[in-house]
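J.: coords please:
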Amino acid sequence: MEFQDVVRRRRMVRNYSTDPLAPEQLDRILANALHAPSAGFSQGWAFLVLDERADVDRFWAATSDPDADNSWLRGMRAAPCIVVPLASKDAYLDRYAEPDKGWTDRDEKRWPIPYWYTDAAMAALLMLLTATDEGLGACFFGVPDQDELRREFGIPGDYTAVGAITIGRRTDDTGPKGSVARGRRTDVIHRGGWQG
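T.: Numbering: from 1, shown residues only. Alright, predicted model coming up:
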């Protein structure tokens, strides 16, 4: 698929077949994530991969109300794979305290924004684009209960989930609905200054 086609076709998919992914598809998605930009080549990310049904079910048990029943959750729970991109602030603070960076401390005030989250989010976007290129659907969404996720999967305390990504074969492709039906904004590009 051409790159412009991948970008145009990429959207958040919320209804999946339970069919497992081909291992080579998942391997490519994960390999491409490793090519995301990384401040100072810190690479302070990690990816929790849940591609066994029991692990996917554990994720949903840890992060959602087990009694909840709505169309969003039913569609998302069917996905055969979830990848949780995680960010480590310590990896960045440590890296920038190394001699080649010129800082001698780990002072967080030097960071105008937390690039550890930015870089992990860029890796997540590469996964979304690669899933589209593989003919799969994917959806990035937030993880509200970090503590329960950490306990359930043994995630170290210095890693924070920037979200989670469901990946699988889409089963519903009936066109825009919900928030997407609002249409894409075109007034967000400001050339030469902010006007209007």
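
J.: where does the protein have low pLDDT?
T.: 172-182, 196 (pLDDT under 70).

J.: quick check, central residue of it?
T.: Nearest to the geometric centre of the chain sits residue 124, at 3.6 Å (Cα atoms, centre = their mean).

J.: tell me which other helices or strands the helix or strand harbouring it touches.
T.: Secondary structure assigned from DSSP states H and E places residue 124 in helix 115-133. The criterion is 3 or more Cβ pairs under 8 Å, 6 or more residues apart in numbering; DSSP states H and E, and the helices and strands that helix 115-133 contacts are helix 3-9, helix 23-33, strand 45-50, strand 81-87, helix 89-95, strand 137-141, strand 164-168. Using the backbone N, CA and C atoms, a C-beta is placed for each residue, glycine as well.

J.: rewinding a little: surely the residue nearest to the centre of the chain and residue 84 touch.
T.: No. The pair residue 124 / residue 84 is not scored as a contact, 9.6 Å apart, by Cβ atoms under 8 Å.

J.: follow-up on the earlier one: report the distance from the helix holding residue 124 to the chain centre.
T.: Distance of helix 115-133 from its chain centroid, counting by Cα atoms, centre = their mean, to the nearest Å, is 6 Å.

J.: let the chain start at 6 from now.
T.: Okay, residue one is now 6; in that scheme the one you just asked about reads as helix 120-138.

J.: quick one: buried residues of that helix?
T.: If you call a residue buried by 16 or more other Cβ atoms under 10 Å, then helix 120-138 has these buried ones: 120-129, 131-138.

J.: what do you get for stretch 10-17?
T.: Under 16+ other Cβ under 10 Å, the buried positions of stretch 10-17 are 11, 15.
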